[in-house]
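Colleague: dropping a prediction and its sequence here:
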Amino acid sequence: MSVAISERREAALDPITVEVIGSAFASIAEEMGEALVRASYSTNIKERRDCSTALFDLAGNTLCQAEHIPMHLGSFIGIIPHIMKRHPLDRMRPGDVFIGNDAYEGGGTHLPDIVLAEPIFVDGRMVAWAVNTAHHADFADRGHAHIYQEGIRIPPIRLYRAGELQGDVQELVLLNCQVPRERLSDLRAQMAANRLGVQRMTALCGKYGVDVVLAAGAALQDYAERKMRAGIAAIPDGTYRFNDRFDNPELDGELDFAVEITVTGDEMRLHFDSPLQVRGGLNVVYTALLSTVYYAVKTVVDPTILPNAGLARPLTVTAPEGTVLNCIHPAAVNGRVATCQRIADLIHGALAQAVPERLTAASNGSCASATFMGRDPKTGGLWVYLETIGGGSGARADKDGLDGVHVHMTNTSNLPAEALELEYPLTLLRYELVDGSGGPGTQRGGMGLRRVYRAEADCRVHIDGSRLRSAPWGLEGGQEGGRGGFVFGPGIAPFDHGNGDLKRGDVIEIVTPGAGGYGPPSGRAGEAVQRDLAEGRIDRETAQRVYGAVL
């Protein structure tokens, strides 16, 4: 009898069934994400979509991550092992929900990304995990000398036990937040997203059987591994090195980063060198380094590879412990995404030596952001507003780069002016593309953005960004894109490492970097140059001097 059942299950696991179940995984993860966005309260999630959702198998391997924020994979791949290390599987019950965010004892990558993970049970058997993370834009006006200054550290603990809220745990978390009402609403949205994932996964197992679904998950990971190996094998064997510089308002100078990528057959080894970890929130834990590597390599090797754990198997990633790119406790990590943007540039710069036709020139290489916080003059309550701002996307071999978009590890949205001004005492005076910021080339790099804010109430501000000193590099003869910068209105006291104060009526301007061009400018079509000039992307002097246009 058992042999017959086993034979039927093996027969059911044909390629079509595997593909259907794989599509179901993707659909579930995406639906979870939409539920989280629609149910959330804060602008950072409901408008900017700074959140991610995923499904994991019982062992903590990624079954599918929704197409949200690549950076958040670092939190996902860390938290499940930490949960299982602290909480035996045989003691978990339906309705348990774990919460965590710590970069060292919780599998997170920085404290604002709070993760909720819920085990999925089918007929009393634990089969998978529903996981999501949301960036809670609350831990503001804090120091970044070490992790203890950056917010409440939450190891993986139960927020719900067998479906019952652990009120004291929730109260402890909310007491450490500046805007607890927002946090509570967003946590409830995260709960709704996971519960939806549990329902959909349970229904999927009910339709196909648990063993078939789990076997399909394993098969999909094997398939991702095969595609990754095939893609790596198509890259010429060799060792490729690339160096780049990293600047940030938290730093007094620049840091030198380097990568050495060795391709041997169907495997790839990546080794990173960087300075010792810094007394600032720019350090990167190992799982954040891994998530950046997985994203950046996948985009070059084969963007169609399924986003599951199988793609990581042919990759070996190393970096000395205690350095910026592989920090250890108690390094501060709040601004790690800015550093990870440069890691993506390193990987792409190195692989461009082998397969330049698959790469873009450097994108803006930044995660320009502004965090405003203060007391609302109307209600007397505290408010915190965070936004990250897009820039230029690198030119491709056959197309211009995109203008004013988030790239690589961020993938969030630029907040509309209406949403900003409706909810916060701020006015957006200008929101525009920066003329001349797209790197010249046969294909032009994307343009950066300019946002000019006026404070309608006194507030504390933290600004962040990169490519303020170095510029996004061009490729195959393309030229650099424009740098980023900050401009302060009259009477504003100088900011200290990105931190300062605005009084009512003060104005601050943030300019984000553009992106590099691809191919020599002399190869750009004359009609494209004329179009750029007519649209104000370049001026007449650039058209004549750089492109050789006859006007």
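Modeller: All right, it came through fine. Residues are numbered from 1 along each chain as shown.

Colleague: now the strands for the stretch 301-450 of the chain?
Modeller: Using DSSP state E, counting those that start in this stretch, the strands of the stretch 301-450 of the chain run over residues 315-318, 368-375, 382-389, 426-433, 449-455.

Colleague: for the fourth one, which positions count as buried?
Modeller: For strand 426-433, burial by neighbour count (16 or more other Cβ atoms under 10 Å) applies to 426, 431, 433. All C-beta atoms are positioned from the backbone trio N, CA, C, and that covers glycine.

Colleague: what score does the last one have for pLDDT?
Modeller: Just to be clear, that refers to Leu433. Looking at Leu433, its pLDDT reads 96.

Colleague: ditto for Ser75
Modeller: 78.

Colleague: right, and the helix or strand after the helix or strand it falls within?
Modeller: For Ser75, the enclosing helix or strand under DSSP states H and E is helix 73-86. Per DSSP H and E, the first helix or strand lying C-terminal to helix 73-86 is strand 97-100.

Colleague: in that next one, what counts as buried?
Modeller: 97-100.

Colleague: need the phi and psi values for Asn364.
Modeller: phi -60, psi -20 (degrees, to the nearest 10).

Colleague: touching, it and Val407? I think so.
Modeller: Yes: counting by Cβ atoms under 8 Å, Asn364 touches Val407, with 6.2 Å between them.

Colleague: find residues that contact each of the two.
Modeller: Residues touching both Asn364 and Val407 by Cβ atoms under 8 Å, 6 or more residues apart in numbering: 390-391, 393.

Colleague: make a ChimeraX selection of the buried ones in the residues you listed.
Modeller: Of these, the buried ones can be selected in ChimeraX as follows, counting by 16+ other Cβ under 10 Å:
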select :390,391,393
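
Colleague: contacting residues for Ala130?
Modeller: Contacts of Ala130 by Cβ under 8 Å, 6+ apart are 32, 53, 55, 117-118, 120, 193-195, 197-198, 201.

Colleague: ok, now how distant is it from Leu204?
Modeller: According to Cβ to Cβ, to the nearest Å, Ala130 and Leu204 sit 12 Å apart.

Colleague: check contacts around the residue lying closest to Ala417 once chain neighbours are set aside.
Modeller: Excluding the flanking residues, the one nearest Ala417 by Cβ to Cβ, 6 or more residues apart in numbering is Leu428, at 4.3 Å. Under the criterion of Cβ under 8 Å, 6+ apart, the contact list for Leu428 reads 417, 420-421, 451-453.

Colleague: most neighbours out of those, which is it?
Modeller: Tyr453 (26 neighbours; other Cβ atoms under 10 Å).

Colleague: hmm, that residue is touching Val507, no?
Modeller: Yes: using Cβ under 8 Å, Tyr453 is in contact with Val507, at 6.9 Å.

Colleague: find residues that contact each of the two.
Modeller: Counting by Cβ under 8 Å, 6+ apart, the residues touching both Tyr453 and Val507 are Leu429.

Colleague: mind listing the helices for the stretch 51-200 of the chain?
Modeller: Along the stretch 51-200 of the chain, the segments classed as helices by DSSP state H, counting those that start in this stretch run 73-86, 167-175, 180-208.
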